[in-house]
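Chemist: Structure for this input, please:
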Amino acid sequence: MLAAGRTSSSVWRNLMRQKLLWEKVAKRIAARIASGKWSVGTVLPGEIELAKEFDVSRDTMRRALAELVKSGLVERKKHVGTRVLSHGNSVGFLHEITSLRGIDEYGNQYERFVLNSSLVSLGEEEADLLGLPVGTMMLRLENVRVDTADREHPVVATNVYLWPEDQEAVERIRRRPGELAVSCVEKLRGVQCSEVRQTITAVRAPGEIAERLRMSPDEPALRVVRHYMADSSTPLTISVSHHPGGLYSFRFNVKRAAMKGQF
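Modeler: Predicted coordinates for the structure are as follows:
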């Protein structure tokens with residue numbers, strides 16, 4: 001019975017890994033469609049060709065395309081292929097976060113590249129955005145995340161702000177592109193992030209951000225500011241991310257606590 005139980009667990013883990021893989025592939029294809037790489041009416045490359053490009057099995061690609069059909073982004077017809085129906089601005093993939101650690105999922109989907117790190121004195125605009133006094137000294141890491149199958153179009157540009165005393169975490173952040181910056185600071189300090197305060201705003205992409213994302217200046221973007229808090233009122237880290245318009249949607253679920261009337 002023990003062997004059978006282990007076998008069942010192994011099969012279940014394999015099935016879950018496969019599901020996560022085709023979901024990620026579907027999201028990556030959806031991001032390409034939203035960015036305009038494949039315009040409405042375009043017929044996508046064949047299933048076999050796409051499977052090779054994304055380095056997955058044909059079955060995984062078939063499942064990913066089926067998910068895109070369900071979302072209304074594409075249609076599939078015999079002898080015609082897979083045709084793009086929508087850029088996905090109104091029908092798209094939602095990133096669902098139901099716990100603090102769920103934030104890791106989105107970050108780990110794409111490879112992070114740190115472009116620059118420097119010690120800066122916050123000017124008025126930057127300080128106001130972060131909720132800190134003008135002149136505060138912060139370590140600023142400028143990075144992008146890219147789809148490994150489409151390195152020409154970054155999916156997000158982020159500035160991460162650390163306190164100067166956390167300089168040691170910078171090298172860990174560079175070495176571990178799949179790990180959140182706040183996780184690196186947690187390990188350095190031996191503390192745990194207990195709360196994330198998040199503000200999402202529709203903006204025009206600033207010039208430097210637009211250049212990083214390879215967008216035209218002032219194109220629509222979604223700005224996400226996150227304050228990662230421990231037990232004190234001072235954030236462990238702060239991140240400011242800009243996503244090209246149409247590539248990112250957010251859903252947050254709040255569940256009522258066991259005690260009636262409380263959340």
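
Chemist: Now tell me which helix or strand of this structure has the poorest mean pLDDT.
Modeler: For the chain, the helix or strand with the lowest mean confidence is strand 95-97, at a mean of 52 (criterion: mean pLDDT, DSSP states H and E).

Chemist: Tell me which helix or strand comes right after the helix or strand hosting T158.
Modeler: Per DSSP states H and E: T158 is located in strand 156-162. Downstream of strand 156-162, the next assigned helix or strand under DSSP H and E is helix 167-175.

Chemist: could you give the angle of that next one to strand 156-162?
Modeler: On the basis of axes from the mean of the first three to the mean of the last three CA atoms, to 10 degrees, helix 167-175 is oriented at 160 degrees to strand 156-162.

Chemist: counting contacts, what elements does helix 167-175 pack onto?
Modeler: strand 111-121, strand 137-146, strand 156-162, helix 181-189 (3 or more CB pairs under 8 Å, 6 or more residues apart in numbering; DSSP states H and E). Yep, even glycine has a C-beta here, placed from its N, CA and C like the rest.

Chemist: From the chain's centroid, how far away is the shortest one?
Modeler: Right, strand 156-162. With CA atoms, centre = their mean, to the nearest Å as the basis, strand 156-162 stands 12 Å off its chain's centre.

Chemist: Report the backbone C-alpha coordinates of that strand in PDB.
Modeler: In PDB, the C-alpha atoms belonging to strand 156-162 read as follows (Å, rounded to 0.1, in the frame of the first residue of the first chain):
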ATOM      1  CA  VAL A 156       7.500  44.400 -16.800                       C
ATOM      2  CA  ALA A 157      10.000  47.100 -15.700                       C
ATOM      3  CA  THR A 158      10.600  47.400 -12.000                       C
ATOM      4  CA  ASN A 159      12.600  49.600  -9.700                       C
ATOM      5  CA  VAL A 160      13.300  47.900  -6.300                       C
ATOM      6  CA  TYR A 161      14.200  50.100  -3.400                       C
ATOM      7  CA  LEU A 162      16.300  48.700  -0.500                       C
END
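
Chemist: got a list of contacts for that strand?
Modeler: 110, 130, 138-145, 169-170, 173, 181, 185, 209, 212-213, 237-243, 247-248 (CB atoms under 8 Å, 6 or more residues apart in numbering).

Chemist: filter those residues to the buried ones?
Modeler: Taking 16 or more other CB atoms under 10 Å as the criterion, what is buried in these is 110, 130, 138-145, 169-170, 173, 181, 185, 209, 212-213, 237-243, 247-248.
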